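*Asks:* how would this look folded up:
(one chain, ligands or ions: 2)
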Amino acid sequence: MEVEKIVNRDEITDAAMSMFAGNYIDIPESYIRTDEVIADEVIGKDEAYELPVVDMARLFDPDFSAMEIQKLGYACRQWGFFQLTNHGVDEVVAQLIKDNTVEFFSLPLDVKNRVAVLGKGAGLEGYGHHYSRAPGDKKDWAESLILITQPVHERNMKLWPTSPPTFRDALATYAVEMTKLARRLLCFMAADLGDEEGELVEAFTGKRQSMAMHYYPPCRHEGKVLGITPHTDGLGLTLLLHVDDTPGLQIKKDGRWYPVRPLPGAMLVNIGDVLDILTNGAYKSVKHRVIPDAQRGRTTVVFVEEGTVEEGMVTPLPGLLKEQEPRYKSIHLDDYIKGILKAVPEGIRFANTLKIQHDDVST
Ligand SMILES: O=C(O)CCC(=O)C(=O)O
Ligand SMILES: [Fe+2]
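*Replies:* Ligands and ions are numbered 1, 2, ... in the order given. The predicted structure follows:
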């Protein structure tokens, strides 16, 4: 019988955990992906380049705002990623989520598995092996905890850890703080896009949000494993907090991988497929992956906000189209998510299947 491929997550076993802790001579075959790792060139340490940096303080400063909005627009259109400095996130709130996340990952496996993924077909939430895919597919070198944070009635409290005891509170407070940040950013994106009707901010107001906490254990066999499979983020807007300064995230641009060199205190922002669709392709959702470090573990806290227009549709925002033809077909968010879950294990970006070909437009 043919197995229907769908994004899946597995419970983490003692054997996997022991291996993540470095107790192995050879890495099991199920993790080895050398071909994928070396398939495309990585920008070297000596090559100078700068991932766009956007300064939130300048966005708010009337003397610099117009210039900074242009930088923001450039980053979203050309890179789909930028580092955000002076973001104004409450330091106590950020520290709380960092500390709790680190503490959670350091707990014994049986404690973490109290909030383990529920298994096939039960959604992506819970603690487990990140984006483990169909049987026979390669696995990611990471542990992660994924949770829906908003709306409150969609929170699955059975999967919200009670250890450490302050974790739940830290998650809820951080989600509120990120909602504020996302809204501010969306207002400036709207200014860049010429969204006079406020459609962009509206599309994200009161929508579902989720968080993913990742831990990428070190892997001393360099170039063999992937911490996270190359993917574009399927949803709207992603805000990533680096818990430590271990490098690992790489962004694909013009056929090469650009390693992110995190600026101290900056957040990393990126455009997801839904935001790409809402802006009719003006903003780019760009592929990225994580390569675990040889010596040090890496922990990140990722916040994702979804965006839809009326009645849950994912579609180019009418007010942004101006004279343009839509480049994407409309789809309901529920069908869109089902589409992603099937497409990702096939290595397909589902949003591409929604593209409309126009003779005059390069796709
Ligand atoms: O942890 C990272 O650096 C990347 C995580 C990521 O790409 C994701 O959660 O979608
Ligand atoms: Fe991602």
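
*Asks:* what sits up against the helix or strand hosting Tyr258?
*Replies:* Assigned by DSSP states H and E, Tyr258 falls within strand 256-259. The contact list for strand 256-259 (CB atoms under 8 Å, 6 or more residues apart in numbering) reads 40-43, 49, 51, 247-252, 289. Bear in mind the C-beta positions are built from the backbone N, C-alpha and C, glycine included.

*Asks:* Can you flag which of these belong to helices?
*Replies:* Judged by DSSP state H, helices contain none of the contacts of strand 256-259.

*Asks:* Can you narrow the residues you listed down to the ones near ligand 1?
*Replies:* Counting by CB under 6 Å from any ligand atom, Leu249 from those sit close to ligand 1.

*Asks:* so the residue in the stretch 51-200 of the chain that ligand 1 sits nearest to is in which element?
*Replies:* Closest approach between the stretch 51-200 of the chain and ligand 1, counting by CB to the nearest ligand atom: Ser144, at 7.6 Å. In the assignment (DSSP H and E), Ser144 maps to strand 143-150.

*Asks:* Count the neighbours of the residue of the stretch 51-200 of the chain closest to ligand 1 for me.
*Replies:* Residues lying near Ser144 (other CB atoms under 10 Å) number 25.

*Asks:* beta partners for it?
*Replies:* Ser144 has these beta-bridge partners by DSSP bridges: Gly128, His214.

*Asks:* sorry, back to before: hmm, who's touching the strand holding Ser144?
*Replies:* Strand 143-150 has contacts (CB under 8 Å, 6+ apart) with 9, 12, 17, 20, 104-105, 112, 115, 124-130, 154-156, 159-161, 171-172, 175, 179, 207-215, 217, 303.

*Asks:* tell me the mean pLDDT over stretch 117-128?
*Replies:* The average pLDDT within stretch 117-128 is 84.

*Asks:* So that it lines up with my notes, have the first residue be 92 from now on.
*Replies:* That works, and once the first residue is 92, the last one we named lands at stretch 208-219.

*Asks:* what's it in contact with?
*Replies:* With CB under 8 Å, 6+ apart as the test, stretch 208-219 has contacts from 98-103, 203-204, 206-207, 234-239, 247, 250, 252, 301.

*Asks:* near ligand 1 at all, that stretch?
*Replies:* No - looking at stretch 208-219 against ligand 1 by CB under 6 Å from any ligand atom, there are no contacts, and the closest approach is 10.7 Å.

*Asks:* Check the separation of the first and last residues in that stretch.
*Replies:* Chord length of stretch 208-219, first to last residue, is 6 Å (CA to CA, to the nearest Å).

*Asks:* Phi, psi for the closest residue to Phe172 other than its chain neighbours please.
*Replies:* Closest residue to Phe172 apart from its sequence neighbours, by CB to CB, 6 or more residues apart in numbering: Asn361 at 4.5 Å. Main-chain dihedrals, Asn361, degrees, to the nearest 10: phi -140, psi 160.
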